[in-house]
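Peer 1: predicted model follows, preceded by the sequence.
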Amino acid sequence: MTEPANRIRLPGSKVYGVLWQLLHAIKRYVDDLILAVPQNEIDNTLRVFNSYDNDIQFAVEREQNNCIPFLDMLIHRDQHNKLATKWYGKSMSSGRYINIHSYRQNRMKLNLISALKARVRRQHQDRAIDFLVKELKVCTAKEAEERIFFISAKEVLQARLAEQCHTVLTPLTDGFQTRYFEFQDFERKFEECISKSAVKTKFEQHSQRGRYIASELRDILDGIYSDALKLKEEKLMQRKELTDKITYTEQQLIIITQEMKKKIHCMVEDVEQRVSKALNEEIRRLSSLVDEFNLPFHPEPLVLNVYKKELHLHVETGLGSNLRARLSTALALNMEASQREMTERMNTLIPENHKAASTVILPRRQPFEILYRLNCDNLCADFQEDLEFR
């Protein structure tokens, strides 16, 4: 549309030499020219052009409302001095280009049709982009280019009816396949647009409510998960502590059990030694114990058996009471000391918060008593008395 002044090529150098500093842009088609000059230099520029040749006189058409016609275009200049074109026809225009039955070459006719179609497409596309980007402000220029389609629904309908074996009267024109692909792209994007619009208008509140509920639920579940992790860590720590305590207690129980077994073994040996020593001493004093038996003696066999049983009972009772008097106190003290030591050792293994309950399971504090049973009947079973005097 425009051409810098340093690229102007006019016949003769007279006009160029005078106007080259004034002309900001110039475009020429045959004898029609469009120029960009300062407002106060329009008359001077016209005078220079008309002074070139008296037989060639130019008429001037000024810009009105920031618009000026040139050939079949209406050029509009916006506030930023950006130019835009529209299709323009003069009032005297017949609207004809080339008669289809003229003798011009067919390629010229086809080129004219293609040029007009491209021009219509470009102008509509530019207008649609300006409408979407500048007026509605719903998208960018790049996005607007993908939302503008030049399609024929009637042509596509006829093609689809033909695919279903219906009779179609109008034949398909050249370039249909390209237009059909563009229509399919339009259908797909239009379906997406309708779906998004339906979601925004009909389901947007439900979707927002669903997102809010899902977000709240996620926060709740995250909190539960965090609490569960903390509780798990605490329980694992408690489990480890309990496992360590149980292991330590088992080891201490094994050690205490071994020590107590040794203690009991020593106590048994001590009791055996004490009882053996005391029994030997009592056996040496057995004669005095027999002398204390004052039941009358009679040689009759029946009375003699009764006498022997009573004697055995007297000896057994006397030996038992003597052994009890000599050994019970020392053995009881030793037993209580050992029992106290075992209890204290076991109390050290009981936690502080359970020591109060340990009194329930502690052994009863009853006096320790040792029973001595000699069973003189069995000891004297093979005894044969000799009642004859010699």
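Peer 2: Sure thing, it's come through.
Peer 1: low-scoring pLDDT stretches of the stretch 251-390 of the chain, where are they?
Peer 2: 289-291, 295, 297-299, 301, 355, 357-390 (pLDDT under 70).
Peer 1: shouldn't Ile34 be within a helix?
Peer 2: No - judged by DSSP: H, G, I helix; E, B strand; the rest coil, Ile34 forms no part of a helix; its state is strand.
Peer 1: so how far is Leu46 from it?
Peer 2: Ile34 sits 14 Å away from Leu46 when distances are taken as CB to CB, to the nearest Å. C-betas here are computed from N, CA, C, even on glycine.
Peer 1: more neighbours, the two?
Peer 2: Taking other CB atoms under 10 Å, Ile34 and Leu46 do not tie; Ile34 has more neighbours (19 against 16).
Peer 1: quick one: residues contacting the more buried one.
Peer 2: Taking CB atoms under 8 Å, 6 or more residues apart in numbering, we find Ile34 in contact with Met1, Ile26, Lys27, Arg28, Ile68, Phe70, Ile75.
Peer 1: for the record, mean pLDDT for the host helix or strand of Gln177?
Peer 2: Assigned by DSSP states H and E, Gln177 belongs to helix 176-201. Taken as a whole, helix 176-201 has an average pLDDT of 83.
Peer 1: and that helix, how far out from the chain's middle?
Peer 2: Chain-centre distance of helix 176-201: 36 Å, with CA atoms, centre = their mean, to the nearest Å.
Peer 1: quick check: longest helix in this protein by residues?
Peer 2: Looking across the chain with DSSP state H, the single longest helix is helix 204-284.
Peer 1: name the helices or strands packed onto that helix?
Peer 2: helix 301-347 (3 or more CB pairs under 8 Å, 6 or more residues apart in numbering; DSSP states H and E).
Peer 1: packing partners for the helix it packs on?
Peer 2: Secondary-structure packing of helix 301-347 (3+ CB pairs under 8 Å, 6+ apart): helix 204-284, helix 286-291, helix 376-379.
Peer 1: ranking the ones you listed by burial, who's on top?
Peer 2: Stretch with highest mean neighbour count among these: helix 376-379 (a mean of 13; mean count of other CB atoms under 10 Å).
Peer 1: coming back round to it: for the helices and strands packed on helix 301-347, which one sits closest to Thr329?
Peer 2: Closest approach to Thr329 among the helices and strands packed on helix 301-347 (CB to CB): helix 204-284, 11.3 Å.
Peer 1: just want the angle from the closest one to helix 301-347.
Peer 2: Orientation of helix 204-284 against helix 301-347 (axes from the mean of the first three to the mean of the last three CA atoms, to 10 degrees) gives an angle of 140 degrees.
Peer 1: averaged pLDDT, stretch 57-72. What do you get?
Peer 2: Rounded mean pLDDT across stretch 57-72 is 88.
Peer 1: any idea how far it is from the chain center?
Peer 2: Counting by CA atoms, centre = their mean, stretch 57-72 comes out at 69 Å from the chain centroid.
Peer 1: distance of the residue nearest the centre of the chain from Val306?
Peer 2: By CA atoms, centre = their mean, the chain has its centre lying nearest to Asp222, at 8.6 Å. The gap separating Asp222 from Val306 is 97 Å, by CB to CB.
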